[in-house]
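K.L.:
Please find the sequence and the predicted model below.
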Amino acid sequence: MMNKKILITGITGMVGSHLADFILKNKKNWKIYGCCRWRSDVFNINHLFQENIYNKKVFLRYMDLTDLSSVQEIVNEVKPDIVFHLAAQSFPKASFNMRTLTFETNIIGTDNLLHSLKELKHQPIIHICSSSEVFGRVSKKELPIDENCRFHPASPYAISKIGTDLIANFYFESYKMKILTTRMFTHTGPRRGDYFMESTFAKQIAMIEANYQKPIVYVGNLNTLRTISDVRDAVRAYCLLVTKKPKFGETYNIGGSYTATAKQILNFLIKQSHVKKIKIKIDKNRLRPIDADLQIPNSNKFKKHTKWKPEIKFEQTMIDLLNYWRERINKNGPIINR
């Protein structure tokens, strides 16, 4: 297979870093150009430097999606064959207090990227990462959620991802760009940010085990229902998306096969701890003004096209996530709760 240049926006995030790992292991002739803001935390990709891969297979570039000239400079330098657009302000709850930043990053940022890519002579395959949050508050009769489900956003983040979704479709229809859009449902695992539900549970339990926190896990809405997939299954899906006879202009819902409430997820994590009698306490600051309570996907369209299916069991994902936080806290000490 000929050499390919891969542009990953948001490489320092959970998904971006795992995608880089997957590519390095499975795509020997792909070179990765990872983009991040100059102030981004590079903790998730430190191992790429330590393994001496950097400057051989992985090249880091600083880019601000909200600055068109910054985006154009990197796009014109790299001239990618494949683009994975993963960068976003991705925390729904924070978007209530950071609406402008969320809209600028997720909507204007996506437009700046696609506008810049449009000008290239050789058009790359482009994966636009939208979100299952676009569906927001759905009724039980609409479950499982397929690609034609109506949008009912429950946060400024969800609104911004609808914008991302629509911009991608606009550039495909207007300029025939090689765009594919995904709406990934809840995906988690090692390196998951601690502002997401199951990850803050795991981090707090690890803090309790290390005696940095009283045996109380602070929570928000425990009734929300989620279908969980592992991030390592998610990035495998993304690679299949762009290599398995891609059908440009298509949008796919992708998700796991294990469904649980937030309370069930928390109870499973607590059972993995040697600390007994861990209490649970509602923290009103962790509650959203409105919530997307039912997030259960119908992924049949994507599975039929790519033959993808989730392989990593829920239990393994949660154990790996908990061990990730245990290792970080044991090595680096307490981490402030968010």
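P.N.:
Received the coordinates, thanks. Numbers count the residues shown, from 1 in each chain.
K.L.:
hang on, Val58 packs against Ala20?
P.N.:
Yes: if you go by C-beta atoms under 8 Å, Val58 and Ala20 touch, sitting 6.4 Å apart. Where C-beta positions appear, they are placed from N, C-alpha and C, glycine not excepted.
K.L.:
and for these two, which residues touch both?
P.N.:
Common contact partners of Val58 and Ala20 (C-beta atoms under 8 Å, 6 or more residues apart in numbering): Ile32, Gly34, Ile45, Leu48.
K.L.:
Give me the subset of the residues you listed lying in helices.
P.N.:
When those are checked against helices (DSSP state H), the matches are Leu48.
K.L.:
Among the shared contacts of Val58 and Ala20, which pair sits farthest apart?
P.N.:
Farthest apart among the shared contacts of Val58 and Ala20 by C-beta to C-beta are Ile32 and Ile45. That separation is 10.1 Å.
K.L.:
Mind listing the shared neighbours of these two?
P.N.:
Ile11, Ala20, Val58.
K.L.:
Out of these, which end up buried?
P.N.:
Ile11, Ala20, Val58 (16 or more other C-beta atoms under 10 Å).
K.L.:
ok, and what's touching the helix or strand harbouring the second one?
P.N.:
Just to be clear, that refers to Ala20. Element membership for Ala20 (DSSP states H and E) is helix 14-26. Helix 14-26 is touched from outside by 6, 8-11, 30, 32, 34, 44-45, 48, 53, 57-58, 84, 86-87, 129, 187-193, 231-232, 234-236, 238-239, with contacts defined as C-beta under 8 Å, 6+ apart.
K.L.:
And for stretch 268-279?
P.N.:
Contacts of stretch 268-279 (C-beta under 8 Å, 6+ apart): 198, 201-202, 205, 208-209, 215-217, 260, 315, 318-319, 322.
K.L.:
most neighbours, which of those?
P.N.:
Most neighbours among the contacts of stretch 268-279, by other C-beta atoms under 10 Å: Ala202, with 30 neighbours.
K.L.:
Regarding that residue, what is its secondary structure?
P.N.:
For Ala202, the secondary structure call by DSSP: H, G, I helix; E, B strand; the rest coil comes out as helix.
K.L.:
which residues sit in contact with it?
P.N.:
So Ala202 contacts Leu269, Met318, Leu321, Leu322, Tyr324, Trp325 (C-beta under 8 Å, 6+ apart).
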